[in-house]
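Visitor: Make a model of this:
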Amino acid sequence: MLLVSLKVNKKRIKIAAGLIGLLAIIAVGIGIGRPYRREVAVNLSGDGAVTKNYTAQTAGQRLEFISQFGWEVEEEPVEIEEVLIPAEFDAVYESYNTLQRAQGLDLTRYRGKMVKRFTYQVLNYPDSGDEVRLNLLVAENKVIGGDVCSMALDGFMHGFKYEG
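Guide: The predicted model follows:
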């Protein structure tokens, strides 16, 4: 058995309290104990302007986000659904996340979590009629991913920016 004996005096108590306080200030400064959050500033529109507004708490904010890319959609979503981002990505999800990373987003942080998918009918997609949908994936009231896709059997899928 090991016994340690320390004499406690006011000076040692003040030093220990000061060190604990300093460690607490450092921990708060570097973010220990806070959930990880990162604001994304990405140029998705391709016009040179940095898009910072990913807020998607209200219908108006979601429509504003969509309009940044020149899309006109029905005001009401065709579908609103809770979807589970799988904890382990298969080849399909890896491919989908590659699309997300290409537009400055990433779904890996949301593995194993439920998110909301808002699906809108696109009204102004060139030469496609009413077969085109825009999907927004929303978590924590922010757009975290999405795509523009065709409902046709031989359809397409791409990011928010039109590459045609």
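Visitor: so what's I66 closest to, chain neighbours aside?
Guide: V73 (5.7 Å; Cβ to Cβ, 6 or more residues apart in numbering). Yep, even glycine has a C-beta here, placed from its N, CA and C like the rest.
Visitor: One more: V115?
Guide: A139 (4.3 Å).
Visitor: and that neighbour, how many residues sit next to it?
Guide: For A139, the neighbour count with other Cβ atoms under 10 Å is 17.
Visitor: how much space between it and L107?
Guide: Using Cβ to Cβ, to the nearest Å, one obtains 9 Å as the distance from A139 to L107.
Visitor: Please, where are all the strands along the chain?
Guide: Counting by DSSP state E, the chain has strands at residues 79-84, 114-121, 132-139, 142-150, 157-158.
Visitor: So which of those is nearest A102?
Guide: Across the strands of the chain, A102 has its closest neighbour in strand 157-158 (9.2 Å, Cβ to Cβ).
Visitor: Show me what the closest one is packed up against.
Guide: Counting contacts by 3 or more Cβ pairs under 8 Å, 6 or more residues apart in numbering; DSSP states H and E, strand 157-158 packs against strand 142-150.
Visitor: Would you mind putting the CA coordinates of the strand it packs on into CSV?
Guide: Extracted C-alpha coordinates of strand 142-150, given in CSV (Å, rounded to 0.1, in the frame of the first residue of the first chain):
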residue,chain,number,x,y,z
LYS,A,142,-30.1,23.3,-42.0
VAL,A,143,-29.8,21.8,-45.5
ILE,A,144,-27.3,19.0,-45.2
GLY,A,145,-27.7,17.4,-48.7
GLY,A,146,-30.0,17.0,-51.7
ASP,A,147,-30.3,16.5,-55.4
VAL,A,148,-32.2,17.2,-58.5
CYS,A,149,-33.5,14.1,-60.3
SER,A,150,-35.7,12.8,-63.0
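Visitor: Not counting it itself, show me its contacts.
Guide: The contact list for strand 142-150 (Cβ atoms under 8 Å, 6 or more residues apart in numbering) reads 54-56, 62, 65, 71, 96-97, 99-100, 105, 107, 109-110, 115, 122, 125, 128, 131-138, 155-160, 162.
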